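>>> A predicted structure for the sequence below; I have some questions about it.
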Amino acid sequence: MKTHKVVGIYSGDTYLTGTLDECETYVAYEPANSFHIEPL
């Protein structure tokens, strides 16, 4: 199970670390294009 992190595009802050599914679910509820997912 690969872990990814959700990163704020403008701030560079890490908001969530988890599985790809968890990260994608989190991003889906946030404003479009305000976060991206990076593999750890």
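Done, it's in.
>>> off-centre distance for stretch 31-40?
Averaging C-alpha positions (C-alpha atoms, centre = their mean, to the nearest Å) puts stretch 31-40 4 Å from its chain's average.
>>> just the mean pLDDT for it, thanks.
For stretch 31-40, mean pLDDT rounds to 90.
>>> next, the buried residues of it.
F35 (16 or more other C-beta atoms under 10 Å). Quick note: C-beta positions are derived from backbone N, CA and C, even for glycine.
>>> quick one: contacts of that stretch?
Stretch 31-40 is contacted from outside by 2-10, 15, 17, 20, 23-24, 26-27, using C-beta atoms under 8 Å, 6 or more residues apart in numbering.
>>> one more time with 7 Å, if that's ok
The set of residues external to stretch 31-40 that reach it, using C-beta atoms under 7 Å, 6 or more residues apart in numbering, is 2-9, 15, 17, 23-24, 27.
>>> kindly report the same for stretch 13-22.
1-8, 23, 26, 35, 40.
>>> dump those to TSV, plus secondary structure.
TSV is the format used below for those (DSSP: H, G, I helix; E, B strand; the rest coil):
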residue	secondary structure
M1	coil
K2	coil
T3	strand
H4	strand
K5	strand
V6	strand
V7	strand
G8	strand
C23	helix
Y26	helix
F35	strand
L40	coil
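>>> all the strands of the chain, in order from the start?
Along the chain, counting by DSSP state E, strands occupy 3-8, 14-19, 35-39.
>>> what's the most buried one of those?
Of all these, strand 3-8 carries the top mean neighbour count, a mean of 16, counting by mean count of other C-beta atoms under 10 Å.
>>> just give me how far it sits from the chain centre.
4 Å.
>>> same question, stretch 1-9
Between the centre of stretch 1-9 and the centre of its chain there are 4 Å (C-alpha atoms, centre = their mean).
>>> what's the average pLDDT for that stretch?
Averaging pLDDT residue by residue across stretch 1-9 gives 94.
>>> tell me how far V6 lies from D13.
9 Å (C-beta to C-beta, to the nearest Å).
>>> middle-most residue in this structure, spatially?
Among the residues of the chain, the one closest to the centroid is V6, at 2.0 Å (C-alpha atoms, centre = their mean).
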